[in-house]
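Novice: Fold the following, please.
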Amino acid sequence: MPLFDRIMILDWSAAGSPKRGRDSIWIGSDRAPAQNPETRRRAWKLLGCALSRARKTGERVLVGADFAFGHPAGLARRITGQPGALALWDHLGAAHQDDDRNRSNYRDLAAAMNRALGQPVFWGDGRKLATPDLPRLKPRAHPDLPQHRATEAASGTARPKSVFQLAGAGAVGAQSLTGIAWLNRLRRAPGIAVWPFQPCDSARVVLTEVYPSLIGQAVRAADGFACRDEAEVTVLAHVLRHLDDADALAPLLMPHPAITALADEGQILGFGHQPALDAAAAAVLAARPWRDQLLGGAVDRPTTSSASSNS
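Specialist: Numbers count the residues shown, from 1 in each chain. Prediction:
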């Protein structure tokens, strides 16, 4: 029996102004065309409306977000005085500011954490005007904080960038700082749990970290999408739907023994299960269940792609 009635995938963006198309926010689903809201506030409203409708109809929802939910073990305690990723979620949720034009203070938050550590770990300031205490280039390694989490180990696919890297091709640090702050609001609602940090068996909405590059080959082979981001959220939603319908999603929600600091670092959904993901992706690619969705037209779907920006 499937664990979830609906699966949604959130591709986040830390863009500093309203943005659509490539390298912007996309919300994919196993049921409907992907949406492409231009700001984080708009994305928040769309996600909230979708979850509200699901609650009214009694549906259980899995929401996968494409940014890191945790940081290397030890960071949360050093910054907040408390262990565990959710302590850092609360810290970011309280300190982060984001307006309706996508102007965010995430660089200032990263710089403040660098100062608290006494040595910079966050880096990659892409603006012309430098942010004090936020180096543009990668600093020397911190003696107690590794660059990568255990879940980011290479497994035959592309390895995620360090969550400490805020700018540059493939960087996810800025998306994590902004995305965690927004999701922290959501997790306060009744019936919502963050995997793997909280018990999820009875939760009506489960938030998980995903990494679409785990099925990168299938995404590249999928056609009919405006850009790769739209393909990623749509194909991954259907891959997870395929696994869940086959009663094969539950193993992906088990903690992996290679991750010894789970409460700090978290785990990418699908980590350690590449063969199952590959098989499901091949089946989904052959069936292309999104064809009818695309023919119906997407809500907030652009007709052209735009350039990448995290400024």
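Novice: Quick check: Q119 vs A112, distance?
Specialist: With distances taken as CB to CB, to the nearest Å, Q119 is found 14 Å from A112. C-beta: built from backbone N, CA, C; applies to glycine.
Novice: if you count what's nearby, which of the two comes out ahead?
Specialist: Neighbour tally, Q119 and A112, criterion other CB atoms under 10 Å: the higher count belongs to A112, 17 against 13.
Novice: what's near enough to touch the spatially most central residue of the chain?
Specialist: Centroid check for the chain by CA atoms, centre = their mean gives D66 as the closest residue, at 2.3 Å. Residues in contact with D66, defined by CB atoms under 8 Å, 6 or more residues apart in numbering, are I9, L10, D11, W12, V172, Q175, E209, V210, Y211, P212, E232, V233.
Novice: And the pLDDT for it?
Specialist: Looking at D66, its pLDDT is 97.
Novice: What of E265?
Specialist: We have a pLDDT of 98 for E265.
Novice: Tell me which residues touch it, please.
Specialist: Residues counted as contacts of E265 (CB under 8 Å, 6+ apart) are G70, H71, P72, A73, A85, R149, A150, T151, I259.
Novice: Distance-wise, check it relative to S17.
Specialist: The spacing between E265 and S17, counted by CB to CB, is 32 Å.
Novice: repeat for A95
Specialist: From A95 across to S17, the span is 21 Å (CB to CB).
Novice: Check A50 too.
Specialist: For A50, the distance to S17 equals 25 Å [CB to CB].
Novice: Those two: who's more crowded?
Specialist: Ranked by neighbour count (other CB under 10 Å), A50 and S17 place A50 first, with 20 against 11.
Novice: How about the secondary structure of the more buried one?
Specialist: With DSSP: H, G, I helix; E, B strand; the rest coil as the basis, A50 sits in helix.
Novice: Look up the pLDDT of it for me, please.
Specialist: If you check A50, the pLDDT there is 96.
Novice: Measure how buried the closest residue to it other than its chain neighbours is and give me the count.
Specialist: Distance criterion CB to CB, 6 or more residues apart in numbering; nearest residue to A50, sequence neighbours excluded, is M8 at 6.7 Å. M8 is flanked by 26 other residues according to other CB under 10 Å.
Novice: My understanding was that M8 contacts L236; is that so?
Specialist: No. If you go by CB atoms under 8 Å, M8 and L236 don't touch, sitting 10.2 Å apart.
Novice: picking up where we left off before, next, format the contacts of D66 as CSV and append neighbour count, secondary structure and distance to K128.
Specialist: As requested, the contacts of D66 are exported to CSV (neighbours: other CB atoms under 10 Å; DSSP: H, G, I helix; E, B strand; the rest coil; distance: CB to CB, whole Å):
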residue, neighbour count, secondary structure, distance to K128
I9, 27, strand, 34
L10, 22, strand, 30
D11, 26, strand, 27
W12, 23, coil, 24
V172, 22, coil, 23
Q175, 23, helix, 21
E209, 23, strand, 32
V210, 25, coil, 33
Y211, 24, coil, 31
P212, 24, helix, 31
E232, 27, helix, 30
V233, 28, helix, 32
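Novice: For the stretch 201-311 of the chain, just list every one of the helices.
Specialist: With DSSP state H, counting those that start in this stretch, the ranges of helices along the stretch 201-311 of the chain come out as 216-221, 228-245, 262-265, 274-287, 291-296.
Novice: quick one: which of the ones you listed is nearest L253?
Specialist: Checking those against L253 by CB to CB gives helix 228-245 as the closest, at 10.2 Å.
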